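A.B. asks: my questions concern the predicted model and sequence given below.
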Amino acid sequence: MRRPNILLIMSDEHDAAVTGCYGHPVAQTPNLDRLASEGVIFDNAYCNNPICVPSRMSFLSGRYASDVNVFDNGSPLASEIPTFAHYLEAAGYETTLCGRMHMIGPDRLHGFGRRLFDDMTQWTHFHQKPQRTAQARRKSDSHVTECGPGPARWLAYDRTVADLSERFLRDKADQPRAKPWCLVASFMYPHFPLWVPQAYFDRYPTDRVILPDLGGETVETQHPAIQQLRYFLRNDKPLPQEITRTALASYYALVTLTDEHIGRLLDTVDGSALQENTVVIYLSDHGEMAGQHGLWQKQCFYEAAVGVPLIARGPDLAEGVRIAANVSLVDIMPTLLDLAATPMPECDSYDYGLRGRSLLPSLRDGLSDPNWVAVAEYHAQGMLDAGYMVKKGHFKYNYYVGSPPQLFDLDADPNEFTDLAGHPDWASVQADLHQELLARLDPDEVDRRAKENQQRDGIARAHINQWPVALATNY
């Protein structure tokens, strides 16, 4: 069998629920819907860290962000940490990155053979340590109030990503080569600010948006970690309904704009011989709360923030299949290596050294295990101490260092309003999920290490982001 080409399309801050194929009644995403109808859609896919840099470095490396000492948006990934691009290159693939990956520091490739288009300069510098004090606040709530028709911040950037990626695909179609390739085409949208071209905004009359169900919650009744996050983000006061409607319409519009870019790439593949041997995967780095629980942005473990779309299509893969099992972005690296028929890294510490599993059996035959576990963590602004999530079956357990945990039954309570933590009827479930967390990491040790890392400013942090010795010796 010929090894397939791989087109991996990535967006930023796309809540899976804001997609037609995931059941949204208003969002217009015909291209993603087509991709889902022709392939496999994962209904419970999660990021492993609900903020950009840690999530993306986890995705690239196949490990939790704390494994590789990437705790926040100022953390660089050490160049000696292998990514799936390193392994695909070694396996004979031509690997190319085009667009956003939010790589911090001078290494602009992290294993990719070439890069057609880099991150915007403002996203490449070492940043100051994140503010994690009770008094810290964002300067404004511009991440939601800057919305509606206006100067779309990332419009030219994403069009360039689409242009260059389309040219890459046309070249591969016009001049076929024996060497397989992997292209990662990564867009900035629908990441805020929520300014959007008028033509896209007009597709969503503000009286048709779906206002978030707040379930009677107020800041005072919410978990302490959510109270602190709302304070930090300046989301602690209710927004005027007019702004909420405009912001939601803008977010939907940016999702539609991104869907059109994706459609260009799908049309290029489908209109050429590439269709015969190209696997297409779509995902995002994290979600967007979009007003749910009174929050905008991400940085927490509610479904809208930590859930991501994951859709795949290709030759010899299942068609029109939905997978209910819990999966996450650390599963992408083993899946890509499996597609490329290249061995997994040998390491005795944890499942071949990777935190995830190959999803190829699910993609080919719809196979999955209802007991699969997805884990996420968060160590950055808006959260004073570390937070962790464990999702197993339809139960979600959130553990916070120094604060009470949360437990939700998403089948009975999809909006996550009813906290079951501490209830005697659910004690065994809570204990089981806590053991699943402890089997993977030490919450207090990771919290301590994150805070020590964040005490260092700027480039000094790069010198301590070294590959863990226990793992390095196995390579």
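C.D. replies: Received the coordinates, thanks.
A.B. asks: any idea how far Arg177 is from Arg2?
C.D. replies: Spatial separation of Arg2 from Arg177 under the definition Cβ to Cβ, to the nearest Å is 12 Å. For the C-beta atoms, the positions are set from N, CA and C on the backbone; glycine is no exception.
A.B. asks: let me redo that: Gly291
C.D. replies: Between Gly291 and Arg177 the distance, using Cβ to Cβ, works out to 48 Å.
A.B. asks: helix, strand, or coil at Trp195?
C.D. replies: On the three-state scheme (DSSP: H, G, I helix; E, B strand; the rest coil), Trp195 is labelled strand.
A.B. asks: check contacts around it.
C.D. replies: Listed by Cβ atoms under 8 Å, 6 or more residues apart in numbering, the contact set of Trp195 reads Glu146, Cys147, Gly148, Pro149, Gly150, Pro151, Ala152, Arg153, Ser250.
A.B. asks: for the residues you listed, which one is nearest Asp285?
C.D. replies: Arg153 (17.2 Å; Cβ to Cβ).
A.B. asks: compute the number of surrounding residues for the closest residue to the closest one other than its chain neighbours.
C.D. replies: Among residues not flanking Arg153 along the chain, Pro193 sits closest, at 5.3 Å (Cβ to Cβ, 6 or more residues apart in numbering). Taking other Cβ atoms under 10 Å as the neighbour definition, Pro193 ends up with a count of 18.
A.B. asks: what are the phi and psi values at Pro193?
C.D. replies: Backbone torsions for Pro193, taken as degrees, to the nearest 10, come to phi -70, psi 150.
A.B. asks: how close does it get to Gln297?
C.D. replies: Taking Cβ to Cβ as the criterion, Pro193 is separated from Gln297 by 11 Å.
A.B. asks: please apply the same query to Ser403.
C.D. replies: 20 Å.
A.B. asks: and these two? which has more neighbours close in?
C.D. replies: Set side by side, Ser403 and Gln297 give different neighbour counts by other Cβ under 10 Å, the larger being at Gln297 (26 against 16).
A.B. asks: how close does that one get to Thr256?
C.D. replies: With the distance defined as Cβ to Cβ, Gln297 ends up 20 Å from Thr256.
A.B. asks: one more: Leu97?
C.D. replies: For Leu97, the distance to Thr256 equals 25 Å [Cβ to Cβ].
A.B. asks: out of those two, which sits in the more crowded spot?
C.D. replies: A side-by-side neighbour count of Leu97 and Thr256, using other Cβ under 10 Å, places Leu97 first with 28 against 22.
A.B. asks: quick one, what contacts that one?
C.D. replies: Residues in contact with Leu97 (Cβ under 8 Å, 6+ apart) are Ala85, Leu109, Phe112, Arg114, Arg115, Leu116, Leu183, Val184, Ser186.
A.B. asks: repeat the analysis, applying 7 Å as the threshold.
C.D. replies: Contacts for Leu97 were tallied using Cβ atoms under 7 Å, 6 or more residues apart in numbering; they are Phe112, Arg115, Val184.
A.B. asks: tell me the SS of the nearest residue to Tyr397 once chain neighbours are set aside?
C.D. replies: By the measure of Cβ to Cβ, 6+ apart, the closest residue to Tyr397 outside its immediate chain neighbours is Leu433, 3.6 Å from it. Under the three-state scheme (three-state DSSP), Leu433 adopts helix.
A.B. asks: counting contacts, what elements does the top helix by length along the chain pack onto?
C.D. replies: Secondary structure of the chain per DSSP state H: the longest helix is helix 241-270. Counting by 3 or more Cβ pairs under 7 Å, 6 or more residues apart in numbering; DSSP states H and E, the packing neighbours recorded for helix 241-270 are strand 5-11, helix 30-37, strand 147-149, helix 155-174, strand 194-196, helix 198-201, strand 278-284.
A.B. asks: can I get those in TSV with distance to Asp270 and mean pLDDT?
C.D. replies: Written out in TSV, the entries for the helices and strands packed on helix 241-270 read as follows (distance: least, Cβ to Cβ, whole Å; pLDDT from 0 to 100):
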stretch	distance to Asp270	mean pLDDT
strand 5-11	11	98
helix 30-37	9	98
strand 147-149	32	98
helix 155-174	10	98
strand 194-196	27	98
helix 198-201	24	98
strand 278-284	9	98
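A.B. asks: quick check: which of these is nearest to His261?
C.D. replies: Counting by Cβ to Cβ, and looking across all of these, nearest comes helix 155-174 at 4.2 Å.
A.B. asks: now Ala318: how far from Gly422?
C.D. replies: Here the criterion is Cβ to Cβ. By it, Ala318 lies 41 Å from Gly422.
A.B. asks: who's more crowded, the two?
C.D. replies: With other Cβ under 10 Å as the criterion, Ala318 and Gly422 differ in neighbour count, and Ala318 comes out ahead with 19 against 12.
A.B. asks: quick one: residues contacting the more buried one.
C.D. replies: So Ala318 contacts Val40, Leu363, Arg364, Asp365, Gly366 (Cβ under 7 Å, 6+ apart).
A.B. asks: next one, pLDDT for the first one please.
C.D. replies: pLDDT, Val40: 98.
A.B. asks: cool, and His463?
C.D. replies: The predicted local confidence for His463 comes out at a pLDDT of 59.
A.B. asks: need the phi and psi values for the residue in the chain sticking out farthest from the centre.
C.D. replies: Among residues of the chain, the one most distant from the C-alpha centroid is Pro424; the distance is 34.0 Å, by Cα atoms, centre = their mean. Backbone dihedrals for Pro424, given as degrees, to the nearest 10, come out at phi -60, psi -30.
A.B. asks: tell me the SS of Ser428?
C.D. replies: Reducing the assignment to helix, strand or coil with three-state DSSP, the entry for Ser428 is helix.
A.B. asks: just give me the neighbour total for it.
C.D. replies: Number of residues near Ser428 (other Cβ under 10 Å) recorded here: 9.
A.B. asks: for the most centrally placed residue in the chain, what are its contacts?
C.D. replies: The centroid of the chain falls nearest to Asp285 when counting by Cα atoms, centre = their mean (2.0 Å). Asp285 is in contact with Met10, Asp12, Cys47, Cys52, Ser55, Arg56, Phe59, counting by Cβ under 7 Å, 6+ apart.
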